[in-house]
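J.: Sequence below, structure please.
(2 chains)
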Amino acid sequence: MKKLLISLAALFVLVVAKTQDLRTVSGTVRDAADQPLAGVSILVKGSDKGVVSDQEGKFTISLGPRERALQFSLVGYQSQDITIINQTILDIVLQPGNRQLDEVVVVGYGTQKRKNLVGSVSKIDPSETKSIPAGSFDAQLQGKAAGVQISSNTGVPGEAVNVRLRGATSINADNAPLYVVDGVFINSSSLQTVNTGGKATSPIADINPADIETIEILKDAEATALYGSRGANGVVIVTTKRGNYNQKPTVNLNVSQGFAWAPPLWELATGPQHAELVNEWWVNTGNSFETRPFRPVSEGGRGLPEEQQTYDRLSEAFRTARLANYDVSLTGGTKGTRYYVGGGFNQQESILKPITFNRASFKINLDQRISDHVQIGVSNSIARTFRNQARAGDGPAGGLLQAALHTPTYLSPYNEDGVLVGRAGFDNLTLLLEHYNVKAVSLRYIGNLYLEAEILPDLKFRSSWGVDYNNYDESEYWNSYLISGSPSGLATSSVAQNVNWLNEQTLTWRKRFGAHTLGVLVGNTLQSNEYDRTYLEGRGFANNSFTKISSATTITGTENWSKNTLASFFGKIDYGFRDRYLVDFSLRADGSSKFGANKKWGYFPSVGAAWRVKQEDFMQHVDIVSDLKLRVSYGVTGNQNGIGDFASQGLWSGGASYQGNAGISPQQLANGDLRWEKTEQFNIGTDLSLWQGRVNVEFNYYRKYTRDGLLELALPATSGFGTYWSNAAEISNRGFELSVTTENFSKRDFTWITSFNIARNVNRIEKLATPLQYGSRNLILQKEGYPLYSFWLYKELYVDPQTGNTVYEDVNKDGTINADDRQIIGSVWPKFFGGISNQLTYKNFDLGIFFSFQYGNYTYNHNRFFGEAGGARDAARVIFAHNYHNRWQKPGDITDVPRPDGVNVNNYRDGGSRWLEDGSFLRLRSLTLGYTVPRGFTSLIGIQTARLYVTGSNLITLTSYSGPDPESSANSSQNQPGIDLGTPPQPLNVQFGINITL
Amino acid sequence: MKQVRYTFTLSVFTLLLASCSKFLDVDPKESVSDAQTIFDKTSAEEAVNGIYSALSSGDYYGTGFQSIGYLSGDNVQWTGSQSQIQEFINHNVRAENATISGAWSAIYRTINRANQVLTKVPEVTDPQLTPALKDQLLGEAYFIRALAYFDLARTWGGAPLITSPTSSVTDNVGIPRSTQAQTYAQALSDLEAAEPLLPATTNRYRATKKTVWALKARYYLYNRDWPKAEEYATRIIEDNANYKLVAPYSAFFADNARGTEESVFEIFYNGTTEINNHRNQWQPQINGGTRQWAPSNAFVELVNDPQIGGNRNVLVAKDNQNRWYGNLYYRSPGSDPSYVIRVAELYLIRAEARAQNNDLSGALADLDAVRARAGLSASTAVTKEEILLAIENERRLEFAFEPHRWFDLVRTGRATTVLNFTDERKYLMPLPAQQLLIDPALTQNEGY
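T.: Coordinates of the predicted model:
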């Protein structure tokens, strides 16, 4: 640490300030149609001085005595150089150019123009999706980038989503990508500890999407190798908004209000239907009709089926939810300072009571030029996220949908004494909704301080410090009306802190020698992540008015602490010849505190090459092709996330007390050889641009192979231990990605752009000694030769029309159906997935239509398993209408729903394939219609631009899945996706908004 | 000037490199390295507490192992939706059963902790660890290991015998199963080792010489050595200053009772750092439980019959939806003791041993002592067979929700008859399927 401080101090010594005499040039930039152009970058050639034109296209810039030329550039326009002799006023007209090629893309530790990219990088402009009501920006990006699979597991805003770039590489280490926000490697693992039935909150939801300027997704090894340690799952680089030098202060205000509602929910059997099925089951089981459960009360029964009531609990649990969003920002800059100040407040109710998500955020980004050669800046964002949580997943106690959906419809919420009671082992829904009290408050600061200095004309030094601080405060209170709080109340409080700091130095040198360009980058980072949690639990409250642990009679507590560090050194050399042939080589060394004493360091090389075919002489006359590039890369990246901080150490722990006296016990065995999980990746791709960039095509084919996969390997129990961490698995992913963007129309009054992307990934476990079971009832099996997350089921062939019994495939032909007959049937992986978006403008109107799709994946409808037991569970579970209407009743009936029967229990066996459904969907992810109020009108009241819009999301979903949402998954943990149980669907919603720039 | 800049930059990187190796050494605070674990009096005592803690864990005497003993009998029905519990009731337990694998692992975890103590405590040189205390600690470790092997033998038959601590991933794996007789013999040899080391004091929560005698009585009953079973049972029963049948039946557990004179060995849970979640399976929702395990209709009828259940009907109660639930484990937060050996068992062990030895009057006296405590009149059994059946039925009621019924019917060979199934190979539980997969040295019991 001390040494780091010295290094920083040393940097400031390097700062050399200069002052010179200046003269001023000002002017206006317009396009060919004479419209002012804002955001044009105006650079003094031979220096790094520059300004940006304002909303009216105006700019002012000072020149030194020897500075003679200005360069005007804007994405989508041809750059223009102007030599200044003695002009002081300039009128510049920029001609349209190729938007795509000149686009600046953020890559590892720098930026590049897209035309010079060697790696595979997707750039996303979040403006199109930021109105989709999801807590976190990653949830909004589904279908936006090829090869990036995003699954929203639930309709609860602010919950974790699964993001997978080019498949999944690990079983027990983390498969989520690395998130880098303004240079800070942020924590993306939930700090939630309260049990919400397998769900977890998303730490990404602490970031206000309105503050984001661009999102870059680095996919292949060339692009990710510089982030070696976690590059294996891809890197998501988030750049937040900054001001521009010499820009007038601009205020932007965005307000929207909306509503969300549920898609069609589950269809349940009515009370009489339920009773009828129970009676049928009773008789089919061999009991006498006279003793059937639903017989007249006078005969000692529960009343005839037709006398039963139907209680609708689903309508009680769901609501039309309110959505509101307020964002305000101020951007601008003076000669030496630029700033962005943003504030936001976002309010989202879930359609499932009483869940809410609120976020208040505040952001300041500042940059200051200290001299012509030195710049210093900060990024700061602070957010407070408030959640009302509830168990919207698995688990009886406190389970909302288990109480609302799984309780039989004929059961009254009241007992004979008129008191509200829980039924079927679940809580009473009314009491649950009234008394639910689970809250989580996340306080998050993400900040970065950097200094950039030009040591020599071609040599730049940059040093930065980043901090990601997260305070996560949770509390629960279960009063005595609820199962968890019986008999006298239960309160818990958990306060966790996660502090992640990062220090980074880079030195870049870039020079052009005639036809050659050469760049060198070297750097290092040091990172540390420290986690600390204090937990208190109190039981035994005097009555329900006391809700704080201080009033409890029994109080217990615990404290957790963990820390890991990472030291890295990296370097990259890139070489270009005539802008045609580009090659680069990079190497990163990462040392992690998590690994065994001699295996801490991992080395991650990569090499990439690109050939800009269009620059060749023979392509010059091919007018239709405006650009063509071939790319190839190979490299190795690593993974260490998700394993315990002390996974390689042999440990004993305390806490094994007896009679209240301290006790110690063995905790885990050492593995001194525990080392990095490594993924090799090969990528070949092409970028093609046709008709002056009106059609752009990007295609990639990749193969990934992961070795030394981190695995909690099972040890024979005779050792006294369950598992130990080892490097034992091998997994491969291969696939392709295609994206096409076309400018269908580009007239002044009418523009129409279509973007389409599609990707396919094939995942396979190449090596795994023993299969691993995951998920409720072991529905998922990880087995060598099959994809990760494969469903392990009993295959139901048909319902015998003669007997009404389900016939299963007897895999080993031994005449009985047992666990040996389970087989892998399908997986959660789609055959392909992607998105298609259309952006249209007509005069002042704009229209965005965006679909995302997924094809060929399976979802296990576990709700149906419970709801289709055909009366066997009687008062213990609901019956679905499908079961009632389609059950086998008499010989000759052709159906897939067997007869209700307690003799042949196989008819509703755990893990039957009947409930595995096609989870393919095509979803209208967002539909936005906007109207920009004519400038002539708004300028009268001092407004630069005003846009009114209405936007809807998830309005249409085409799917054959029988549940409300094919994406639902009860559990956020990575090894049990695709099991739909007790999870609220993603809502449909409409929002109205206005966006004003002052 | 340039030179200076380069020097600075270079030195920055050099400094960072040098500091790296230290930077990457991070040690946990919640745990300690396993290099030095048991080295003085305190750590020796704490390691022994750790063995008790393993014995008390949810998969062993907390809930899991106990449930194998009573779910497989005929007193309990299952109201949940997971089939693994129903497998016990149907006497068709599959090798994938999670309760089975949990119990198997928990027992070996307990054995490893005992082995750590048995190997490391003798080497401790701390003068504060007196020879008497050292003996006691070793004796406790031997006793718990004996109980663990006894439980392995009666549940699975032959088991791998592990008597040294595990300190690396290659230790104690790939060990084939011994026979059931060898496994029982290991339990007995551990009891013999424990007996001279332990003091002859009375402690209902920890092992003493008397606890060893009580387990020996049970051991000899299972191994049909009637005279020895009687001898060791008598040692406890005659110690009536310390052990007696407390009356009424509920006195040993109701009203938060613990450590009563009924108890020879019960596992202690303080309800804060040591939680026994057993209650959650039994108590109804209104009491914060799940009532997934409920008394069977047949048992409810028996226990409520004043001629059969007597005052033992306190074992069941009704909830707000008029459903019966078991009420032996009820404390919230979970601090119900796990009853391992009660004096009532020693009476019934002696009754059975005497009956088998044709001391019928002696047998009836012991049986009636237990019946009298339950508020019942003397048994009407006369012949040896009648008396043995009466003892069997008495045990069903007396230990309704304790792990006895299944093991009793298996050791007498009457399980197929009484519980109405055919395949005697099911008398032994299957070895966990996952264990067979990861350790090829293991073989499955026949019939699975």
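J.: Run a quick check on residue B:360 versus residue B:384, I expect a contact.
T.: Yes - using Cβ atoms under 8 Å, residue B:360 is in contact with residue B:384, at 6.2 Å. Where you see a C-beta, it was placed from the backbone N, CA and C, and this is true even at glycine.
J.: Name the residues of the stretch 201-350 of chain B found near chain A, please.
T.: B:205-206, B:268, B:270-274, B:285-292, B:320-321, B:332-333 (Cβ under 8 Å from any Cβ of the partner chain).
J.: For residue 231, which three-state class applies?
T.: Going with chain A. Secondary structure, DSSP: H, G, I helix; E, B strand; the rest coil: residue A:231 is helix.
J.: that's the wrong chain, I wanted chain B
T.: Under three-state DSSP, residue B:231 falls in the helix class.
J.: mind giving me the domain split of the chain?
T.: As the question left the chain open, I've gone with chain A. What automatic domain parsing lists as the domains of chain A is A:2-97, A:127-262+A:319-650+A:666-789+A:828-857+A:919-997.
J.: Please refer instead to chain B.
T.: B:40-198+B:415-437, B:219-268+B:339-403, B:272-336.
J.: For the second one, the averaged confidence score.
T.: In this model, domain B:219-268+B:339-403 carries a mean pLDDT of 96.
J.: Would you mind giving the domains of chain B as CSV with mean neighbour count added?
T.: As requested, those are exported to CSV (neighbours: other Cβ atoms under 10 Å in any protein chain shown):
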stretch, mean neighbour count
domain B:40-198+B:415-437, 20
domain B:219-268+B:339-403, 20
domain B:272-336, 20
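J.: any weak-confidence spans in chain B?
T.: B:1-20, B:81-82 (pLDDT under 70).
J.: residue contacts, the spatially most central residue of it?
T.: By Cα atoms, centre = their mean, chain B has its centre lying nearest to residue B:61, at 3.7 Å. Counting by Cβ atoms under 8 Å, 6 or more residues apart in numbering or on different chains, residue B:61 touches B:55, B:267, B:338, B:340.
J.: Including secondary structure, could the residues you listed go into JSON lines?
T.: Output for those, formatted as JSON lines (three-state DSSP):
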{"residue": "B:55", "secondary structure": "helix"}
{"residue": "B:267", "secondary structure": "strand"}
{"residue": "B:338", "secondary structure": "strand"}
{"residue": "B:340", "secondary structure": "strand"}
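J.: So which of those is the closest to residue A:405?
T.: residue B:338 (36.6 Å; Cβ to Cβ).
J.: burial count for that closest one?
T.: 22 (other Cβ atoms under 10 Å in any protein chain shown).
J.: Taking chain B, what residue is nearest to chain A?
T.: residue B:112 (2.4 Å; Cβ to the nearest Cβ).
J.: I'd assumed residue B:164 was in contact with that residue.
T.: No - using Cβ under 8 Å, residue B:112 is not in contact with residue B:164, being 9.4 Å away.
J.: Now do the shared contacts for the two.
T.: Common neighbours of residue B:112 and residue B:164 (Cβ under 8 Å, 6+ apart) are residue B:172.
J.: re the thing from before, and the residue nearest to the centre of chain B, helix, strand or coil?
T.: helix.
J.: Need the three-state assignment for the closest residue to residue A:838 other than its chain neighbours.
T.: Leaving aside its sequence neighbours, residue A:838 sits nearest to residue A:849 (Cβ to Cβ, 6 or more residues apart in numbering or on different chains; 4.6 Å). Three-state call for residue A:849 (three-state DSSP): strand.
J.: you'd agree residue A:849 is up against residue A:929?
T.: No - if you go by Cβ under 8 Å, residue A:849 and residue A:929 don't touch, sitting 9.5 Å apart.
J.: How about chain A: which residue is closest to chain B?
T.: Chain B sits closest to residue A:720 of chain A, with a gap of 2.4 Å, by Cβ to the nearest Cβ.
J.: And for that residue, the neighbour number?
T.: Neighbours of residue A:720 (other Cβ under 10 Å): 28.
J.: Tell me who's in contact with it.
T.: Contacts of residue A:720 (Cβ under 8 Å, 6+ apart): A:666, B:108-109, B:111-113, B:115, B:162, B:165-166, B:172.
J.: Helices - which of those residues land there?
T.: Filtering the contacts of residue A:720 for membership in helices, criterion DSSP state H, returns B:108-109, B:111-113, B:115.
J.: For residue A:201, grab phi and psi.
T.: With angles defined as degrees, to the nearest 10, residue A:201 sits at phi -80, psi 160.
J.: For it, which non-adjacent residue is closest in space?
T.: Residue A:201's closest residue in space is residue A:192 (Cβ to Cβ, 6+ apart), at 4.8 Å.
J.: Surely the one you found and residue A:474 touch.
T.: Yes - with contacts counted by Cβ under 8 Å, residue A:192 reaches residue A:474, the gap being 7.1 Å.
J.: Surely residue A:331 touches residue A:252?
T.: Yes - contact criterion Cβ under 8 Å: residue A:331 and residue A:252 qualify, at 7.2 Å.
J.: More neighbours: the two, which one.
T.: Neighbours were counted for residue A:331 and for residue A:252 using other Cβ under 10 Å; residue A:331 has more, 21 against 18.
J.: Need the residues that contact the helix or strand hosting residue B:213.
T.: Assigning secondary structure by DSSP states H and E places residue B:213 in helix B:209-222. By Cβ under 8 Å, 6+ apart, the residues outside helix B:209-222 that reach it are B:139, B:143, B:146-147, B:150, B:154, B:184, B:187-188, B:191, B:194-195, B:198-203, B:226, B:228-229, B:231-233, B:235-236, B:239, B:242, B:264-265, B:341, B:345-346, B:349-350, B:352-353, B:407, B:411.
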